[in-house]
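J.: pasting the sequence and the predicted coordinates here, then a few questions.
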Amino acid sequence: MEKDISHYFSRDVINPPSVFEGYKFLTPQQSLEALSEAEHKGLIKRGEADLALGLLQLGGIAQFPGGLGLMYDDVYKNTFNTESAGQSLNEIEQSISGNVDCLLAPEHSGIIPAAQLAYLLNVPIIKIKKNGQNNNNIFKAQVDSYTGGERDKLYIEQNRAVKSLREFSAKNQICEMVLVDDILDTGAMTLAVDNIIEQMKDFGLSVSLKGVVALLEKKYTGAREKIKAELNIDVISGLVIEDIGLEPFPWMRIQGVDSLLSFSS
């Protein structure tokens, strides 16, 4: 039985405004052409265009327990499209400033992008596990699942953390960490991971959460502003989603393209 639920971070249901009045609806083909044109004009980077293209061709919009959201299981989750995400991760790597010593990767959707980014940065990864083990030898926090509606327990095993950070402890150096995930939703995941970092500090480990990286970011939830206000850390994303909707057909609006892009499926 879970003894301590004080480290619980609720995920607010923040639905998109779904405002389509005043914007031009584009067909799936026009949407692809609009991405290409925006990239050519320098309004978006190639990595942003690639991520958006992957979403439009293989993703969609669906209603989840946590509200209306992006459906991308076959693009950047259960199946990971390295062709769509590769350039974006290269651009993210170039955007990271200062020293990074380690990446934190939550199961399961954060592991693959974290592995690719770790390769580019030449740094190790510490995996944040979900659910499963339940004992006192863990750093833990709880957060609501956006897609499933249940509460996930996040944890890092103490003995693995100690082994991974032994080098920094021996040199009395702080290990600068960056959280890597598939999507920046409401910021609850980042706050929960920061709490785990604080537990690690209390245990005597020299660690610090330097920033958070996400392939996708929902702008309308205000997660970026919340994280910066509460944690004062860097936030870097590959593609900023400004709005999404289901009517009259599934669409999304991204930063840099002032039209409603429709999904192919």
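T.: Great, that's in hand.
J.: residue boundaries of the strands in this protein?
T.: Taking DSSP state E, the strands of the chain run over residues 8-9, 60-64, 67-71, 102-106, 125-130, 138-144, 151-157, 175-184, 207-218, 234-245, 251-254, 261-262.
J.: span of stretch 147-154 from start to end?
T.: 16 Å (Cα to Cα, to the nearest Å).
J.: returning to what we had before: quick check: which of the strands of the chain is nearest to Lys41?
T.: Between Lys41 and the strands of the chain, the shortest separation by Cβ to Cβ is 14.3 Å, and it involves strand 251-254. C-betas here are computed from N, CA, C, even on glycine.
J.: helices or strands up against the closest one?
T.: helix 46-58, strand 234-245, strand 261-262 (3 or more Cβ pairs under 8 Å, 6 or more residues apart in numbering; DSSP states H and E).
J.: what's the closest of the ones you listed to Tyr146?
T.: Going by Cβ to Cβ, the one of those nearest Tyr146 is strand 234-245, 13.7 Å.
J.: and that closest one, average pLDDT?
T.: Strand 234-245 comes out with an average pLDDT of 96.
J.: and the helices and strands packed on strand 251-254 as CSV, adding distance to Ser88?
T.: CSV is the format used below for the helices and strands packed on strand 251-254 (distance: least, Cβ to Cβ, whole Å):
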stretch, distance to Ser88
helix 46-58, 3
strand 234-245, 4
strand 261-262, 17
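J.: for those, which one sits closest to Val162?
T.: Across these, Val162 has its closest neighbour in strand 234-245 (26.4 Å, Cβ to Cβ).
J.: now the angle from that closest one to strand 60-64?
T.: Between strand 234-245 and strand 60-64, the angle comes out at 90 degrees (axes from the mean of the first three to the mean of the last three Cα atoms, to 10 degrees).
J.: show me where the protein dips below the pLDDT cut-off.
T.: Where the chain drops to pLDDT under 70, the residues are 1-6, 78, 132-136, 148-149.
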